[in-house]
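K.L.:
kindly generate the corresponding structure for this input.
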Amino acid sequence: MEPNFDKGNGLLPAIVQDAATRKVLMLGYMNREAWEKTLEEGKVCFYSRSRQSLWTKGETSGNFLFLKEMLLDCDADALLVLAEPAGPVCHTGADTCFFEKNSNGLDFLIRLEKLIRERREKMPENSYTTRLFSEGTPKIAKKVGEEAVELVIEAMRAEKSEDLFRGEAADLLYHLLVLLVDTGESLAGVIAELERRHGEKTERK
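P.N.:
Numbering: from 1, shown residues only. From the prediction side, this is the model:
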């Protein structure tokens, strides 16, 4: 199904959402030409109502919005644009045009996974992550097991230290991300599996 540009005098509202954090970044408008250009070039393009011309977000600032997915609403007269921002979205320098911080508290895990993937590709020297990848899957898997045991031990202490427990949990999570990247898996894949299981349990109730 294609957008219905016959509505709204040829302009449809385009809500831009960060593909990772799901924060709403801005609202713009697209005509058919802007929509087609966005799909072709992979950078979000709008139609400026004030200038009455196309403009690609970031063409002057460099803060492009890289298209990840574009969805239509049920009436085909509004667009939801999932994008990866290259920098602050608002012309004021704010993360979003609604003056929200573009973070949901969990997006750091996504950035960390991305960094780990970059380490895997470039293998920079003097990097602990590079060393883990160099030692291979068995060593990485062993580290995950060791960190899991240390977390359990800390959890079972009669007088637990919150700082130590959080530290052990962070160590486990980091090494698990390394193992996921090493084996070709992803955090998104694990989340999808959890969602699938949750859906199955909900259907059985």
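K.L.:
tell me the buried residues in the helix or strand hosting Trp55?
P.N.:
Assigned by DSSP states H and E, Trp55 falls within strand 53-56. For strand 53-56, burial by neighbour count (16 or more other CB atoms under 10 Å) applies to 54, 56. C-betas here are computed from N, CA, C, even on glycine.
K.L.:
could I get the average pLDDT for that strand?
P.N.:
Average pLDDT, strand 53-56: 96.
K.L.:
skip ahead from it and say which helix or strand is next.
P.N.:
By DSSP H and E, the next helix or strand past strand 53-56 is strand 65-72.
K.L.:
now the strands: where do they sit in this structure?
P.N.:
12-18, 24-30, 45-48, 53-56, 65-72, 79-85 (DSSP state E).
K.L.:
can you redo the ones you listed as CSV with distance to Gly199?
P.N.:
Shown next, in CSV, are the strands of the chain (distance: least, CB to CB, whole Å):
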stretch, distance to Gly199
strand 12-18, 23
strand 24-30, 26
strand 45-48, 36
strand 53-56, 38
strand 65-72, 20
strand 79-85, 21
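K.L.:
nearest to Glu2, out of the ones you listed?
P.N.:
strand 65-72 (7.9 Å; CB to CB).
K.L.:
packing partners of that closest one?
P.N.:
Where contact means 3 or more CB pairs under 8 Å, 6 or more residues apart in numbering; DSSP states H and E, strand 65-72 is packed against helix 32-41, strand 79-85.
K.L.:
do you know the pLDDT at the residue lying farthest from the centre of the chain?
P.N.:
Here the chain reaches farthest from its C-alpha mean at Ala158, the gap being 38.6 Å by CA atoms, centre = their mean. You'll see Ala158 listed with a pLDDT of 85.
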